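Engineer: I'll drop the sequence and a predicted model, then ask my questions.
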Amino acid sequence: MSPVTFSSPAPADADRYQRRADSCDVMLLLEGTFPYVSGGVSSWVNQIIRGFPHLRFGLCFIGSRRQDYGAPKYALPDNVVHLETHYIHENLSATQVVRSRGDAQAFAMMDQLHGMLRAYDRSDSTSHSALAAQLAELIPMMADGGKLDQDAFLFSKQSWDYLTAQYRTFCTDPSFVDYFWTVRIMHQPVWTLARVARQLIPARCYHTVSTGYAGFLGSLMKMQTGRPLILSEHGIYTKERKIDLFQSEWIRDNRNVFEKDASQIPYFREMWIRFFEALGRMCYQASNQIVALYETNRLRQVIDGAPPERTRNIPNGIDLPRLSALRAQRSEKIPPVLCLLGRVVPIKDVKTFIRAMRTVVNQYPEAEAWIAGPEDEDPSYAAECHAIAEGLGLLDKVKFLGYQKIDELMPKIGLVVLSSISEALPLVLLEGFAAGVPGVATDVGSCRQLIYGLSEEDQALGAAGDVVGIAEPQALAQAALKLLTDPQRWYAAQAAGIARVERYYTQEMMFGAYRELYDNALAEQGAAATGAAATALRCPVQH
Amino acid sequence: MLLKFSLAGLSFEVASIALLLNGGNGLAVLGGYLLLHMASSALFALAIALVAPQRYQRPRAGLLGYLFCFNFFIPVGGALCMLSALLVAMFWPKDQTEDYFDTAQAPAFVTVRRREGSGFSGNRVRAQLGNVATPLDKRLNALVAIQSTPTRASGASLRNLLADPADDVRLLAYGILDSKEKKITQRIVDIRHHLKTVSDPETLAVLHQQVAELYQELIYQNLVQGDLLQYACTQMREHARAALAIDEGQPGLWFMLVRLELMSGNAPGAAEALRQAHEHGFSRVRLLPYLAELSFLEHDYDQVRKLFIEMQYDPSVSSQPQLHRYWRHGRRTIANRSDSLPRARS
């Protein structure tokens, strides 16, 4: 969310990213984020690591394919003692085929596990304990040379028989070929993660910033070592995956017109969704503490299978002294500048912001739009945004600035605009408030809470801007104009924003909450497994 | 029965008048007269009610009461008036066909049904989408079901869902709309890039035409609104005209401009495009609805009617039968009533 608070390291500094240690205090499990991807979650991870300089952090980065990531986007803090990277969608092409019959008993146990997963009742914790026990028995078999190692999954006769039987029993899609490859591609990362879990250095606690593959690795580590697992979710991973899967075009639906039921989603799509839902539930059940950024997300976690007593909210916090100092640099006149700080990617809906500018400029010709954020993540989307700006005759009004230092930018802008279609608790709004800039945001995530306040006391502080519906350029434009053209209103919003951020969203509050979480986790007496003992799995649930 | 009532009524009436004329002036005479006149009025009322036309027979009590009063309060004259009225009613019945004058809404030219949901699995999906009380999974499934539906049909539903309280639904609806728009705009960007590299007039014309068609698709699919719609219209016009400047003998392109100008309400532009389309060989039969629309825009309603009479009646086009009825017969169309008037010459 705040891409401008870091500096990109030069490629020559690559060796500075070689960090190896035998153990660490907190192992952060990071899927597609810090330090290789910029964005709100990455900024937050960076902030947390720097906020606890006395702790030795290890980073386990999980990505899809190596070529999808460039150089690291963040300089590693000194207290990062270990960094390892793993890519789960690499090496999918044919390896050397190893013929084997496969172990019937092991596959029977795997069948039982799948039966349990199908009946995985999110409200019934006993089903999780049974599942965890079954998984604890199966994971050691997945080691290379084990009865259920990757070769057995890919090439054994048992595996083939199991797969074909499952297809006949459950699959509603007529294509066996698609079924075969879907199962392979879907499950192969499980073996990769099991391997990562076996080799990961010992840590006193594990902290994952999402469910999904990183969360699954976290639950494996919890099983394997008995050390506490903390889950901090910014967005809701399962939900976001689900939306991606619903829209994805690479998942085939081979049903013919007579087989299709409009209200039933295609089998492969459903299968992927169930897979990620199961990963999510496993992570929720294995976590000692589950953190959401705000109440709506916490409730969603509970619906998705998180035990309510382990959930809590810890909102993001910002570096108030640094940002509040920027207020002194502001001129008295409200700058006619609307600024969107964020990556130029579809989720930020930059197109709506540009479209809104057509209306803004029609009514307030001095107004300008600044888009401050990298454009390299989705170049085709960025090109589309440029084309729209050009098409709407806004080339001189909409400026794509790329990376910008937030400290230099904030004093020059009149309004922070957030046109996103999905957010959690956007740091950029808080940073704007602290720097004395009100905001106009779409009604997503906790934006309403940030602008209008949550509790009665909070709401009494006033509105720090305005909230509009998503993909409504006209409404966005009107809300921005109301603020920019009415100094009284603008100054009232500025005062409300400053008051709100000072009272509820400081970095110290966030660090305080995480200090408590880390202290508890690190103090917990558990089996700090090392060496060979680390591969001995235990079930995290008493049974 | 009619005769009995009539004769009895007449007898009582004669008797009452005789009593009044010959019986002196006492109160008893007046009372006798009134009694006899009352009986006579009642009998006349019964008699006339028997022969009153069917349509006046109900309500029965009202008819009898009215006839009685008429006879009672206008002795003799009342009976004569009633007989006259009866004859008028029998020979010149009230014209019940309908009111000749009425206020009618100007017809809107909706050439296809815009009802959301046409083209995808009916009411169940639509109901699931609109009802926030439906479980989230079912609503998401319903959304997925309309994913492959042209946004021409599902666009309004999807846009409504952008304000849905459920995050998942909002995101998915947005994603569906955005991906459809993105596919078309991406092709526009690609072809525009290609345009910069081409100098051969023939290829240029083809590329300009493709860009115009893609903008038309954006507009037709309801994927652009507000300022962007204006922009798409301008671009479509410019590229179509650029293609026509190279080769004006393309009736299809002129026809595309016809639709654009009519949508934009630009009557002179539409007239010119229609003329050009026709001159370059576009079938007049296919142009008739657009000519009618243009005439409508120009408030030339007689011309609209003439064009509809000329137009082939095609019941397979959902809205055409009603439009036909309206313009050819100049009367309101009521969906559940058959058109009983004779067809005009076609």
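Structural biologist: Done, it's in. All values reported here derive from a predicted model rather than from experimental measurement.
Engineer: Report the spatially closest residue to residue 210, excluding sequence-adjacent ones.
Structural biologist: Assuming you mean chain A. Nearest residue to residue A:210, sequence neighbours excluded (C-beta to C-beta, 6 or more residues apart in numbering or on different chains): residue A:237, at 4.5 Å. Bear in mind the C-beta positions are built from the backbone N, C-alpha and C, glycine included.
Engineer: I was thinking of chain B, sorry if that wasn't clear
Structural biologist: Excluding its sequence neighbours, the residue lying closest to residue B:210 (C-beta to C-beta, 6+ apart) is residue B:191, at 5.3 Å.
Engineer: these two touch, right, the one you found and residue B:212?
Structural biologist: No: counting by C-beta atoms under 8 Å, residue B:212 is not a contact partner of residue B:191; they are 10.2 Å apart.
Engineer: Who has more neighbours out of these two?
Structural biologist: residue B:212 (25 against 18; other C-beta atoms under 10 Å in any protein chain shown).
Engineer: Work out for me the element the more buried one sits within.
Structural biologist: helix B:201-220 (DSSP states H and E).
Engineer: For that helix, which outside residues touch it?
Structural biologist: B:152, B:181, B:184-185, B:187-188, B:191-192, B:194-195, B:198, B:224, B:229, B:232-233, B:235-237, B:239-240, B:242-243, B:246-247, B:250, B:253, B:256, B:259-260, B:263 (C-beta atoms under 8 Å, 6 or more residues apart in numbering or on different chains).
Engineer: Mind checking which of those residues land in helices?
Structural biologist: Using DSSP state H, the subset of the contacts of helix B:201-220 located in helices is B:152, B:181, B:184-185, B:187-188, B:191-192, B:194-195, B:229, B:232-233, B:235-237, B:239-240, B:242-243, B:246, B:253, B:256, B:259-260, B:263.
Engineer: just the buried members of the residues you listed?
Structural biologist: B:152, B:181, B:184-185, B:188, B:191-192, B:195, B:229, B:232-233, B:235-237, B:239-240, B:242-243, B:253, B:256, B:259-260, B:263 (16 or more other C-beta atoms under 10 Å in any protein chain shown).
Engineer: ok now stretch A:472-492, how far from the chain's centre?
Structural biologist: With C-alpha atoms, centre = their mean, to the nearest Å as the basis, stretch A:472-492 stands 31 Å off its chain's centre.
Engineer: How about stretch B:249-263?
Structural biologist: That offset, for stretch B:249-263, works out to 28 Å (C-alpha atoms, centre = their mean).
Engineer: what's that stretch in contact with?
Structural biologist: B:209, B:212-213, B:216, B:219, B:233, B:236-237, B:240-241, B:243-244, B:267, B:269-270, B:273-274, B:276-277, B:280-282, B:286-287, B:290, B:293-294, B:297.
Engineer: Can you select the buried ones among those residues for me in ChimeraX?
Structural biologist: In ChimeraX, this line selects whichever of the contacts of stretch B:249-263 come out buried by 16+ other C-beta under 10 Å:
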select /B:209,212,213,216,219,233,236,237,240,243,244,267,269,270,273,274,276,277,280,282,287,290,293,294,297
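Engineer: where along chain A do the strands fall?
Structural biologist: A:24-31, A:57-63, A:80-87, A:203-208, A:229-233, A:289-292, A:311-313, A:337-341, A:368-372, A:398-400, A:415-418, A:439-442, A:465-468 (DSSP state E).
Engineer: What is the first one packed up against?
Structural biologist: Yep, that's strand A:24-31 we're talking about. Strand A:24-31 sits against helix A:40-51, strand A:57-63, strand A:80-87, strand A:203-208, helix A:212-225, helix A:507-523, with contacts defined as 3 or more C-beta pairs under 8 Å, 6 or more residues apart in numbering or on different chains; DSSP states H and E.
Engineer: And for the last one?
Structural biologist: In terms of contacts (3+ C-beta pairs under 8 Å, 6+ apart), strand A:465-468 is packed against strand A:439-442, helix A:447-452, helix A:473-484.
Engineer: ok, now which ones touch residue A:30?
Structural biologist: A:45, A:59, A:60, A:61, A:62, A:208, A:209, A:214.
Engineer: That one and residue A:377: what is the separation?
Structural biologist: 17 Å (C-beta to C-beta, to the nearest Å).
Engineer: same check, this time on residue B:24
Structural biologist: Remark: distance between residue B:24 and residue A:377 (C-beta to C-beta) = 120 Å.
Engineer: What of residue A:339?
Structural biologist: On the measure of C-beta to C-beta, residue A:339 and residue A:377 end up 19 Å apart.
Engineer: more crowded one of the two?
Structural biologist: Neighbour count, other C-beta under 10 Å: between residue A:339 and residue A:377, residue A:339 has more, with 28 against 16.
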